[in-house]
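S.K.: sharing a model that was predicted from the sequence below.
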Amino acid sequence: MARRERVMRMSVELPLWRALTAYRVLTMLYAVGLFVSAYEDYDRPGIAIAYYAVLCVWTLATLPRVQNATTCTKRFLAADLAVALIGIVLTPLVVNDQHILAGGPTLPSIWTAGSVLAYAIKGGWRWAAFASTPVAVANLIERGHPARDTVHNVILVWVASIAIGYVVEVARASERTLARALEIEAATRERERLARDIHDSVLQVLAMVQRRGAVIGGEAAELGRMAGEQEVALRTLVSGGLVPVSRVSEDEAEGAVVRAVEVPEDGEDDGGPVDLRSLLAPFAAARVSLAEPGAPVLLPPAAARELAAAVGAALDNVRRHAGEEAQAWILVEDEPDAVIVSVRDDGPGIPEGRLAQAEGEGRLGVALSIRGRLRDLGGSAELISMPGQGTEVELTVPKKDMKDPRGKADTR
C-alpha cells in the first residue's frame, strides 16, 4: 500500500479575515441605508452620493484583499484607511448643522472600524493603535469640539481594535506552540517506528557479529569490536531522537504548516540553535557511554560545534594516554544558566605536574584544544585527575552573553 503524506495546517487568522470581509460588506450597506433614511439632513447630497459610489466600488473590488495577511499589504491598508478618513472629513460639508449637533453618523459610519480592524489583524495591537489615532483626530475635526458621544466612540474604537490586535498576537503565539508540539509528536512517532525496524534488523545483526567475532578471535575479533561500536553508536542515535523539524509556512493565510524540512550540514550556520546531542551522538561507542537529557540541548551553532570539538579532543586524550581498552563516559547536563559536559575515564590518571610539563614541551592538546575553545566561548574547562583513579574533564558553557568563537558576542 502506498504511503500517504498528511500535511496539517492550522490558522487562527483565517476566520478573522473572513469575518472582516463580511463586516465590510454589511457596514457598507448599513452606511448607505443611513444615508437613505436621513436624506433630508444632507445639504449637498450629490457629494454624499459620489462618496458612497466610491465606497461601494472600493469595498466590493477589494474583497480579495482582505481575505488573508499576504494580500492585505501596507499600501492597501493605507489606502483603505484614507477612504475612511476622507469620508469622515467630508461629513461637515454635506450635512446640515442639526445633523452634527444631534450626533449623527459620519458618511462611512461604522465602516471605518473595518479599516482599523484590518490593521489589528495584520500587525497586532501596535498597528491597531497607529490606525486608531488618525481616526480619532478626524472625528474630532468633524465634530468641531470634543463632544461626549464623539469621545465615547473614539475610545470604543481605540480599545476594541487594540484588544483585538493583542488577541491576534496571543493566538499566533499559541498557534506556533501547537505546531511545535505536533512536530515533536510526529518526530517521536517516527523515531519509535525507526527504532522498531532497526532493532529487528540492523542492531541484532551487529550484536551477532560482535558475539561471533569474539568467539572466533583473530581478525574476526577486531571486526566484532567494530561492529559493537557501530551498534552502540546506532542505538544512541536512535534513542536520542531525530533532529526536530521546523515550522514552515509559505502562505500566512494557511497558518502553520507542519512538515519536514532540509536540515543544514554541520558546516553551515543558518543562525538557529543546534541540538548539542546530535553532535555528541557520533562519539558513543562500545567503550564510550553517552548520557544526555531527554529534551534538546540548544546552543548557537558555532558554540555547539566548538563544545563538541572539545569533547572530541578530551576523548582523543583518553585513547592516547589511557589506552584503547579504557572506558569513557560522557555526561550532558542542561542547567538553566549553563550547559555542562563531563568526560570521565577509568584510566591511570595524570601524574601531578604532567600538564605543566607537557605545555613546556610544546604539547598543547589540553591547553588549546580544550581550554582554549572553552575560553573563546566564555566558559571554562576544569580537569580533575588522581593517579590510579582516572581523569574527569568538566566543560562549562554559559548560556547568557555567550561569546562567538569568531569574536562576536551572542546575546541570545
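M.R.: Nice, I can see it. From a predicted model like this one, the values you see are computed outputs, not experimental measurements.

S.K.: all contacts plus neighbour counts: C-alpha atoms, from now on.
M.R.: Fine.

S.K.: and the helices in the chain?
M.R.: 13-37, 45-61, 74-94, 97-101, 111-123, 125-143, 148-198, 204-216, 219-240, 276-280, 301-317, 354-360, 373-376 (DSSP state H).

S.K.: mind giving me the packing neighbours of the longest one?
M.R.: Spelled out, it's helix 148-198. helix 111-123, helix 125-143, helix 219-240, strand 247-248, strand 256-258 (3 or more CA pairs under 8 Å, 6 or more residues apart in numbering; DSSP states H and E).

S.K.: any idea how far that helix is from the middle of the chain?
M.R.: Distance, stretch centre to chain centre, for helix 148-198: 12 Å (CA atoms, centre = their mean, to the nearest Å).

S.K.: cool, the fifth one as well?
M.R.: In this view, helix 111-123 has its centroid 26 Å away from the chain centroid, taken as CA atoms, centre = their mean.

S.K.: list of residues touching that helix?
M.R.: 13, 16-17, 20, 23-24, 27-28, 31, 66, 69, 72, 77, 80-81, 84-85, 126-128, 131-132, 135, 157, 161-162, 164-165, 168 (CA atoms under 8 Å, 6 or more residues apart in numbering).

S.K.: taking those, please make a ChimeraX selection of just the buried ones.
M.R.: Those of the contacts of helix 111-123 that count as buried under 16 or more other CA atoms under 10 Å are selected in ChimeraX with:
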select :13,16,17,20,23,24,27,28,31,66,69,72,77,80,81,84,85,127,128,131,132,135,157,161,162,164,165,168
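
S.K.: count the residues that sit near the nearest residue to residue 39 once chain neighbours are set aside.
M.R.: Leaving aside its sequence neighbours, residue 39 sits nearest to residue 45 (CA to CA, 6 or more residues apart in numbering; 7.4 Å). Using other CA atoms under 10 Å, the number of residues around residue 45 comes to 16.

S.K.: residue 45 reaches residue 94, doesn't it?
M.R.: Yes. With contact defined as CA atoms under 8 Å, residue 45 reaches residue 94; the gap is 6.4 Å.

S.K.: returning to what we had before: which one of the helices and strands packed on helix 148-198 lies closest to residue 335?
M.R.: Smallest distance to residue 335 across the helices and strands packed on helix 148-198 (CA to CA): 18.6 Å, for helix 219-240.

S.K.: average pLDDT for that closest one?
M.R.: In this model, helix 219-240 has a mean pLDDT of 72.

S.K.: shaky segments in the stretch 301-412 of the chain?
M.R.: Low-confidence segments of the stretch 301-412 of the chain, defined by pLDDT under 70: 351-369, 401-412.

S.K.: same question but for the stretch 101-250 of the chain, I mixed them up
M.R.: For the stretch 101-250 of the chain, the stretches with pLDDT under 70 are 145-150, 191-201, 203-204, 233-250.

S.K.: give me that answer again for 80
M.R.: Applying pLDDT under 80 to the stretch 101-250 of the chain flags the ranges 101-104, 142-154, 156-157, 175-176, 178-208, 210-211, 214, 218-219, 221-222, 224-250.

S.K.: residue 294: how many residues sit nearby?
M.R.: 10.

S.K.: correction: the previous question concerned residue 36.
M.R.: Residue 36: 11 neighbours (other CA under 10 Å).

S.K.: could you do the one 10 residues further on as well?
M.R.: Neighbours of residue 46 under the rule other CA under 10 Å: 11.

S.K.: can you check residue 35 too?
M.R.: 22.

S.K.: distance of the closest residue to residue 84 other than its chain neighbours relative to residue 15?
M.R.: Excluding the flanking residues, the one nearest residue 84 by CA to CA, 6+ apart is residue 112, at 5.3 Å. Distance, residue 112 to residue 15, by CA to CA, to the nearest Å: 20 Å.

S.K.: between these two, who's got more neighbours?
M.R.: A side-by-side neighbour count of residue 112 and residue 15, using other CA under 10 Å, places residue 112 first with 25 against 13.

S.K.: list the contacts of residue 47.
M.R.: For residue 47, the contacting residues are residue 94, by CA under 8 Å, 6+ apart.

S.K.: and the pLDDT at it?
M.R.: The model reports residue 47 with a pLDDT of 90.

S.K.: going forward can the numbers begin at 29, since that is how I track them
M.R.: With 29 as the first residue, the last one maps to residue 75.

S.K.: check the gap between it and residue 119 for me.
M.R.: Going from residue 75 to residue 119 by CA to CA gives 10 Å.
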